[in-house]
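What shape does this take:
(one chain, ligands or ions: 2)
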Amino acid sequence: MVRLTYYGHSCFLIEGGGKKVLIDPYVTGNPLSPIKSTELSPDHIIVTHGHGDHLGDTVEIAKSSGATVISNFEIASYVEKQGCKMHPLHIGGAAKFDFGTAKLTIAHHGSCLPDGSYGGNPAGVLLEIAGKRVYHAGDTALFYDMKLIGRRKVDAALLPIGDNFTMGPEDALEAVKLIEPAVVVPMHYDTFDIVKQDPEAFKASVEKETKSSCVILKPGESYELS
Ligand code: NI
Ligand code: MN
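Numbering: from 1, shown residues only. Ligands and ions are numbered 1, 2, ... in the order given. As a prediction, the model looks like this:
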């Protein structure tokens, strides 16, 4: 069993096989966050790109929990300089960890770090954990190669729908058609006025036009992939 818990924006805790993987822990300053960063104790933290609403509290949580940060080489080096354990990956590369496998995928976006330094290319991540495949798209535009990501069955796709900085609902619906996941969970919306969306309308369009089911998680809610 794999449990996905949503903490608002693009932050998810993914638990499986007794391990906890936290993705894009934007907690402090996240108006939707139902928790404090001190309540999180992951084994690994995956950072899709360097923007503050994704890197978030990574350094603080990694130091307090001892979690290893998995990200591209540039971001991994950045957090290592601040005293974190890290494992560098890059786009297209996968590695095995105690929870399973993580592979960075392409994402069409930007990625500078909070101090203005170069964050490398932004990414999404494809996780294999406890027999499930979970795709977190990071911040991205729609791209046709999502078709390849879905070529092997994706159990859950976590897709941005906020528009403005990422795909909006229409392009996210196209992404669902390319990936054909069993379940899609919308993210990166409603955090700020500029990314306000109607997730119920998105869910209705997904379930009308695809075979995927759409699960809307409120911050703090979980969903189990069984
Ligand atoms: Ni971003
Ligand atoms: Mn973002």
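
Now the residue nearest the centre of the chain. Nearest residue, chain neighbours left out?
With distances taken as Cα atoms, centre = their mean, the residue of the chain nearest its centroid is His136 (3.9 Å). Sequence neighbours aside, Leu158 is the residue nearest to His136 in space, at 4.5 Å (criterion: Cβ to Cβ, 6 or more residues apart in numbering). C-beta here means a position set from N, CA and C on the backbone, and glycine is covered the same way.

how about that neighbour, what does it touch?
The contact partners of Leu158, taken as Cβ atoms under 8 Å, 6 or more residues apart in numbering, are 4, 10, 12, 134-137, 184-185, 187.

try it again with 6 Å
The contact partners of Leu158, taken as Cβ atoms under 6 Å, 6 or more residues apart in numbering, are 136, 185, 187.

from those residues, which ones fall inside strands?
136, 185, 187 (DSSP state E).

So which of the residues you listed is the closest to Thr28?
Met187 (18.2 Å; Cβ to Cβ).

partners of that closest one in the sheet?
Per DSSP bridges, the residues bridged to Met187 are Pro160.

so it touches Ser10, yeah?
Yes - counting by Cβ atoms under 6 Å, Met187 sits close enough to Ser10 to count as a contact (5.0 Å).

coming back round to it: can you lay out the ones in strands among the contacts of Leu158 as a markdown table showing pLDDT?
Listed next are the ones in strands among the contacts of Leu158 as a markdown table, based on pLDDT from 0 to 100:
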| residue | pLDDT |
| --- | --- |
| His136 | 99 |
| Val185 | 99 |
| Met187 | 98 |
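
And the helices in the chain, which stretches?
Shown for the chain, the helices assigned by DSSP state H span residues 52-55, 58-65, 73-81, 146-149, 169-179, 199-209.

can you list the residues of this protein near ligand 1?
Within the chain, the positions lying close to ligand 1 (Cβ under 5 Å from the ion) are 51, 139.

quick one, strands of the chain?
For the chain, the strands defined by DSSP E cover 2-6, 12-16, 19-23, 44-46, 68-72, 85-89, 94-97, 100-106, 123-129, 132-136, 156-160, 183-187, 213-214, 222-225.

Give me the packing partners of the second one, helices and strands only.
It refers to strand 12-16. When contacts are defined as 3 or more Cβ pairs under 6 Å, 6 or more residues apart in numbering; DSSP states H and E, strand 12-16 sits against strand 2-6, strand 19-23.

do the same with the last one
With contacts taken as 3+ Cβ pairs under 6 Å, 6+ apart, strand 222-225 sits against strand 2-6.

list the buried ones in the strand it packs on?
Neighbour counts over strand 2-6 (16 or more other Cβ atoms under 10 Å) mark 2, 4-6 as buried.

can you check stretch 179-188 too?
179-181, 183-188.

of the residues you listed, closest to ligand 1?
Using Cβ to the ion, His188 is the member of these that lies nearest ligand 1, at 8.6 Å.

okay but the closest one is in contact with Phe165, surely?
No - when contacts are counted by Cβ under 6 Å, His188 is not listed as touching Phe165 (7.6 Å).

ok, back up a step: make TSV from the contacts of Leu158 and add distance to Val59 to it.
Formatted as TSV, the contacts of Leu158 follow (distance: Cβ to Cβ, whole Å):
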residue	distance to Val59
His136	20
Val185	26
Met187	22
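
Ligand 2: which of those residues is nearest?
Of the contacts of Leu158, the one sitting nearest to ligand 2 (Cβ to the ion) turns out to be Met187, at 9.5 Å.

Check what pLDDT the closest residue to Leu127 other than its chain neighbours gets.
Of all residues not flanking Leu127 in the chain, Val134 sits nearest, at 4.6 Å (Cβ to Cβ, 6+ apart). According to the prediction, Val134 has pLDDT 98.
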